[in-house]
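Q: compute the structure for the input listed below.
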Amino acid sequence: MSTMPSGFQRAEPQTPGAFLSRPEYAEVSREVRPAPPRYRNEIGKYSVHRASHCASCGRCVETCRFGVYVRPDGYLHVMRPFDYRCIGFGCKDTGSYCIDACPNGALKLSVNPAAETMGDHRWTPDLLMSTWAMAETGRPPGKHLECEVGGSGGGFDRLRFRFPDSPPPGLRREDISTRLPLNRRGDSRPGITIDVPWYGGGMSFGSTNIRALLGKARVAKAFNGFTCTGEGGYPERFIPYKDHVITQVATGLFGVREETIQRAPIVEFKYAQGAKPGLGGHLLGDKNTPSVAAMRETVQGVSLFSPFPFHSVYSVEDHKKHLDWIAHVNPRALLSAKVSTPVDVDMVAVGIYYAGGHIVHLDGSYGGTGAAPNVAKKNIAMPIEYAIGRVHQFLADEGIRDQVTVIASGGVRTPSDVAKAIALGADGCVIGTAELVALGCIRCTACESGRGCARGIATTDDELLEMVRIDWATQRLVNLYTAWQRMLVDLLYRLGLDSVSALRGRTDLLTHLDYENEP
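A: I've put the predicted structure just below:
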């Protein structure tokens with residue numbers, strides 16, 4: 001059950017300086033701290049049943065190493081099991097199997113049928129629960145959860161790495177770099193480098209809980225990375241984190257102002273979203289609250305559409321005019337263009353570079369929240385794993401591959417997916433859904449409705465907003481990033497590589513399950 005700090009007020013400060021004195025705007029730490037779920041009975045893979053003849057002897061507390069059983073100081077009885085932490089029947093091999101240790105035979109273990117009702121083929125129950133476990137602990141999940149691939153039968157789920165027998169002599173995990181430079185043009189603009197090869201995707205003010213968005217901004221600051229405003233405007237509450245916030249200029253131009261462009265270290269033009277290319281954005285009226293309407297300079301309660309495409313851009317020359325406009329308004333901003341993945345995406349990428357772009361952001365068809373229609377995300381854009389290789393090779397053939405940063409998104413769920421995208425030819429990734437899952441998303445796909453999100457994440461409803469605390473959201477994301485970075489370093493170590501940049505384009509390290517048995 002959600003708990004809010006005492007004295008919490010809904011009213012927002014009216015000036016940027018007022019935010020700096022609030023506790024949630026304190027310096028953000030990368031330190032891993034426990035961040036339990038908001039619900040006492042979180043969904044887990046297994047269920048532990050305790051019979052009425054349990055004597056509360058405490059043997060289960062002494063035996064279990066995973067925090068399933070707790071008896072606080074001064075309590076006579078063992079608390080109800082936190083069975084979402086249970087690793088299941090594999091615990092028999094650890095020497096700490098509570099079922100056998102119970103002297104009264106009062107414990108019983110079973111698979112939780114509720115867990116199998118969550119998610120879909122891409123976000124399987126195991127991927128959901130493994131992400132929750134990382135967000136709680138800051139560590140890779142146990143072996144009882146599949147944390148690398150889903151059950152889609154395609155895409156990244158059909159790719160595997162070829163690991164050498166042993167890493168090269170002298171390679172140490174602590175020496176492996178995960179840093180990624182974003183400006184490769186060698187121009188007068190800042191040489192921005194981020195500490196991990198991914199950053200937070202655009203989630204619009206109006207689509208997602210502002211406290212979740214602030215958690216994304218705070219983890220971006222902690223990891224010297226970025227998050228993106230999406231197309232809903234630039235809330236003033238982002239100002240303390242302005243050095244880590246990308247502002248987006250989308251076709252609807254909602255909330256686009258000169259001061260927000262001047263504030264941003266990266267400005268991203270959103271030409272299309274991979275989950276709904278050719279359709280544009282759509283915010284239903286019940287999410288268009290007074291604060292959203294004020295930010296987007298529109299009328300409360302009216303459904304808002306972002307047209308497709310920019311009707312001022314029909315050529316590379318038109319695109320260059322857009323980038324020149326931003327370059328004039330903010331001479332220090334890096335320029336990014338987010339595009340979907342049509343069949344000529346390689347030509348689009350080259351055009352972005354010659355128009356002056358620093359970052360080509362490819363958004364594949366697997367992305368988007370539950371608000372994106374399935375008919376679009378499953379049938380229109382090219383799958384991201386095909387688009388990455390196509391763009392990488394074409395840029396290399398043009399002799400400009402090392403002058404542009406290619407960022408991939410649309411279905412990146414795990415650090416293994418990040419590594420696969422980079423091995424296919426990307427420089428880094430943008431993540432979005434994984435961050436929402438870390439905050440408790442169960443993939444019910446009701447994101448488009450104002451009160452549809454049972455976890456209070458994809459909402460603008462005043463009551464549901466209170467289900468998420470900023471400090472809790474921040475810590476969950478810090479823990480997730482820490483676990484991801486650790487897992488990525490371990491993967492690079494097993495591949496024998498000393499940096500994430502050394503992985504780019506190494507398709508020789510990948511194998512596709514469809515072709516494993518071919519001569």
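Q: which helices and strands sit right next to the lengthiest helix in the chain?
A: Longest helix of the chain, by residue count under DSSP state H: helix 470-495. When contacts are defined as 3 or more C-beta pairs under 8 Å, 6 or more residues apart in numbering; DSSP states H and E, helix 470-495 sits against helix 125-137, strand 159-161, helix 210-222, helix 415-424, helix 433-438. For every residue, glycine as well, the C-beta is placed using N, CA and C.
Q: how about 7 Å then?
A: Judged by 3 or more C-beta pairs under 7 Å, 6 or more residues apart in numbering; DSSP states H and E, the packing partners of helix 470-495 are helix 125-137, helix 210-222, helix 415-424, helix 433-438.
Q: moving C-terminal of the shortest one, what's the next helix or strand?
A: If I follow you right, that is helix 433-438. helix 462-465 (DSSP states H and E).
Q: and that next one, which residues are buried?
A: 464-465 (16 or more other C-beta atoms under 10 Å).
Q: residues in contact with it?
A: 10, 209-211, 451, 453, 456, 459 (C-beta atoms under 7 Å, 6 or more residues apart in numbering).
Q: can you verify my assumption that S96 contacts G67?
A: No. The criterion here is C-beta atoms under 7 Å, and S96 misses it with G67 at 11.6 Å.
Q: just to revisit the earlier point, list of residues touching the helix or strand following the longest helix of the chain?
A: Remark: after helix 470-495, the chain's next helix or strand is strand 510-512, criterion DSSP H and E. Contact with strand 510-512 is made by 158-162, 420, 423, as judged by C-beta under 7 Å, 6+ apart.
Q: next, the buried residues of strand 510-512.
A: Buried, per 16+ other C-beta under 10 Å, within strand 510-512: nothing.
Q: the nearest residue to G154 once chain neighbours are set aside and D93: what is the separation?
A: Distances taken as C-beta to C-beta, 6 or more residues apart in numbering put P383 closest to G154, at 7.4 Å, once the chain neighbours are dropped. Using C-beta to C-beta, to the nearest Å, one gets 38 Å for the distance from P383 to D93.
Q: also P34?
A: According to C-beta to C-beta, P34 and D93 sit 26 Å apart.
Q: how about R476?
A: Here the criterion is C-beta to C-beta. By it, R476 lies 30 Å from D93.
Q: who's more crowded, these two?
A: Set side by side, R476 and D93 show more neighbours around R476, with 29 against 10, by other C-beta atoms under 10 Å.
Q: what's near enough to touch the more buried one?
A: 35, 135, 438-439.
Q: how does it look with 10 Å?
A: Neighbour list for R476: 35-38, 131-132, 134-136, 138, 212, 215, 219, 435, 437-440, 468 [criterion: C-beta atoms under 10 Å, 6 or more residues apart in numbering].
Q: burial check on the residue nearest to V348 when sequence neighbours are not counted, number of neighbours?
A: Among residues not flanking V348 along the chain, V339 sits closest, at 5.4 Å (C-beta to C-beta, 6+ apart). Residues within reach of V339, counting by other C-beta under 10 Å, total 25.
Q: do the one 5 residues further on as well
A: By other C-beta under 10 Å, the residues close to D344 number 12.
Q: having no further points to raise, I will conclude here.
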